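[1] Show me how the following folds:
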Amino acid sequence: MATRAASALTTTAAPAAAGETAKTTRIAAIDWMRGLVMVLMVIDHASMAFDGTHLDDDSAMYPGAATMALPGGEFFTRWITHICAPTFMFLAGVGAFLRLQRTGSKTEVSRFLWTRGLWLVLIELTIMRLAMNFTFSMKYPVILLVLTALGAAMIALSGLIYLPMRALTVVSVAIIVAVYGDSCFNRCAMRLKTSALTAPIEMSPTLSNPSRISTGGPSL
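    Below you'll find the model as predicted:
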């Protein structure tokens, strides 16, 4: 009987040990980084929700945000949270790479990316819209923010993963140059105060967009 008990103990211990091994396959640094940026993002959102002196037009979606003076506390919370959206975007790419290394199937990873991307966009258009406006009425603009940016990036990546590494590197650098080059151009245009250059960017996308669709958050 003692032998049977020992055998049973060994049998039940083996799956537990295997489970412990499986848990250690996650990269703790990635999980810690996700958790850190979530905490920082909560700080920023809490400042907007509960700080009565918070300036509503300090977002990058407003043309004057880059040069406006902010109270010390608001500047600090906005400054430390600038890493949040880029980190989410970066970790989404890291996760896709690690998943591809683990499965070895571009088809499976591609399907995962585009379905996850569509879900994120759907959540932005439904749950997040309802949470912001408490209604789906079109009298409020459709705001496409970080979740849509992440979803669009995942959908794009579902096709880009089929490119060779060199071609993917060229495309990635081209996107970075195009996005940040355009951003630098817009900021220079605002400083020049040239109406022909600044007209397209001086309109508030939330208040002046005739299509009732506004975008914000990190670029692709």
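[2] can you give me the strands in the chain?
    Listed in chain order, the strands of the chain (DSSP state E) span 142-144, 213-215.
[3] looking at the ones you listed, which has the lowest confidence?
    Between those, the lowest average pLDDT goes to strand 213-215, which shows a mean of 59.
[4] Could you report the separation of the closest residue to Tyr162 other than its chain neighbours from Gly159?
    Taking CB to CB, 6 or more residues apart in numbering, and ignoring the residues beside it in sequence, Tyr162 has Lys106 as its nearest neighbour in space, at 6.1 Å. Bear in mind the C-beta positions are built from the backbone N, C-alpha and C, glycine included. Separation of Lys106 from Gly159 (CB to CB, to the nearest Å): 10 Å.
[5] same question, Leu168
    From Leu168 across to Gly159, the span is 11 Å (CB to CB).
[6] Of the two, which one has the most company?
    Higher neighbour count among Leu168 and Gly159: Leu168, with 14 against 11, using other CB atoms under 10 Å.
[7] Can you list the buried residues in stretch 104-121?
    Residues of stretch 104-121 classed as buried under the neighbour-count rule (16 or more other CB atoms under 10 Å) are Val109, Ser110, Phe112, Leu113, Trp114, Arg116, Gly117, Leu120, Val121.
[8] That should have said stretch 81-89, apologies.
    In terms of neighbour count (16+ other CB under 10 Å), stretch 81-89 has its buried residues at Thr81, Cys84, Ala85, Thr87, Phe88, Met89.
[9] Just send those residues back as CSV, with pLDDT and distance to Val177 too.
    CSV is the format used below for these (pLDDT from 0 to 100; distance: CB to CB, whole Å):
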residue, pLDDT, distance to Val177
Thr81, 80, 25
Cys84, 86, 23
Ala85, 83, 19
Thr87, 89, 21
Phe88, 88, 21
Met89, 86, 16
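[10] Just give me the closest of those residues to Leu36.
    When these are compared for distance to Leu36, the smallest value, 8.2 Å, is given by Thr87; criterion: CB to CB.
[11] what's near enough to touch the closest one?
    Listed by CB atoms under 8 Å, 6 or more residues apart in numbering, the contact set of Thr87 reads Met33, Arg34, Val37.
[12] Buried ones among these?
    Applying a neighbour-count criterion of 16+ other CB under 10 Å, the buried members of the contacts of Thr87 are Met33, Val37.
[13] Name the nearest of the contacts of Thr87 relative to Met154.
    Sorting the contacts of Thr87 by how near they are to Met154, with CB to CB, puts Arg34 at the top with 15.6 Å.
[14] quick one: that closest one from Ile175, how far?
    Here the distance between Arg34 and Ile175 works out to 23 Å (CB to CB).
[15] go on, Ile161?
    15 Å.
[16] where does this structure have low pLDDT?
    Along the chain, the parts satisfying pLDDT under 70 run over 1-24, 58-66, 181-220.
[17] try 50 this time
    Scanning the chain for pLDDT under 50 picks out the ranges 1-3, 5-22, 193-211.
[18] picking that back up, the contacts of Thr87 in helices, which ones?
    Met33, Arg34, Val37 (DSSP state H).
[19] which one of these sits closest to Ala131?
    Closest approach between the ones in helices among the contacts of Thr87 and Ala131, by CB to CB: Val37, at 20.0 Å.
[20] what's the closest one in contact with, if anything?
    Val37 sits next to Ile83, Cys84, Thr87, Phe88 when contact means CB under 8 Å, 6+ apart.
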